[in-house]
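# sharing a model that was predicted from the sequence below.
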Amino acid sequence: MTSNDPNHAPLRDVAQSPEATARYLADVQRVLLDIGRNLESLALETRVHCRDTHVEGDRWFDAWMRAQPVERALKDVLKHVEGVTKGLEKSAFKRRAHDEAVLNTAKKRKERELEKKRRKAPPLQAAPQNPPQQVGQAQHSRYGVPTSIYDLGNRESA
């Protein structure tokens, strides 16, 4: 595809694959971690410079007080960069979980449908407790009438 194509979206292929999304987010995270390290160095150097900048007539804490807003701003930026890197990692896991949920959805729907059918189906008729005795045939057949082992009559147990 060319960039002149109106349907061209640069990250469409990345968004369609959880593995590609994870790789892309890991690359962005690496870049942000490098930027974070550079910002930490910058914050340290800025702190040293700002606290060492004295004006004639300053008391001992005036330079420190003037440096505090600058230090706080850089600290906030570092905190946000760390939050973004954690968010990128979380996004990669959520993307993979989304695909797994999509794969399991059809299976879960089938299970729910079977459960629903099982609940709606009329219960099976249980066999009657005392079936009618077949008088003529039961006397001649050895296995015709169910009996308990305590009521064997003239028969022997297995």
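Cool, got the structure. Numbers count the residues shown, from 1 in each chain.
# neighbours of residue 21, just the number please.
21 (other Cβ atoms under 10 Å). The C-beta positions use only the backbone N, C-alpha and C, and glycine is treated the same way.
# what do you get for the one 4 residues further on?
Here the number of neighbours of residue 25 (other Cβ under 10 Å) works out to 20.
# show me what contacts it?
88-89, 91-92 (Cβ atoms under 8 Å, 6 or more residues apart in numbering).
# I'd like the mean pLDDT over the host helix or strand of it, please.
Assessed by DSSP states H and E, residue 25 sits inside helix 18-52. Across helix 18-52, pLDDT averages out at 94.
# report the buried residues of that helix.
18, 21-22, 24-25, 29, 32, 36, 39, 43, 46-47, 50-51 (16 or more other Cβ atoms under 10 Å).
# looking at those, which one is closest to residue 67?
Taking Cβ to Cβ as the measure, residue 67 lies nearest residue 50 of those, at 3.5 Å.
# for residue 80, see how far away the residue lying closest to residue 82 once chain neighbours are set aside is.
Excluding its sequence neighbours, the residue lying closest to residue 82 (Cβ to Cβ, 6 or more residues apart in numbering) is residue 36, at 6.6 Å. Using Cβ to Cβ, to the nearest Å, residue 36 is found at 10 Å from residue 80.
# over to residue 74?
Residue 74 sits 11 Å away from residue 80, taking Cβ to Cβ as the criterion.
# residue 95 too?
Note on residue 95: its distance to residue 80, by Cβ to Cβ, is 22 Å.
# who has more neighbours out of those two?
In terms of neighbours (other Cβ under 10 Å), residue 95 is the more surrounded of residue 95 and residue 80; the figures are 17 against 11.
# low-confidence ranges in this protein?
Residue ranges of the chain with pLDDT under 70: 1-3, 128, 130-149, 151-158.
# kindly recompute the last result at 80.
Residue ranges of the chain with pLDDT under 80: 1-8, 122-158.
# report the central residue of it.
Of all residues in the chain, the one closest to the mean position by Cα atoms, centre = their mean is residue 97, 4.4 Å from it.
# run the angle between the helix or strand hosting that one and helix 18-52 for me.
Assigned by DSSP H and E, residue 97 belongs to helix 62-120. For helix 62-120 against helix 18-52, the angle by axes from the mean of the first three to the mean of the last three Cα atoms, to 10 degrees is 160 degrees.
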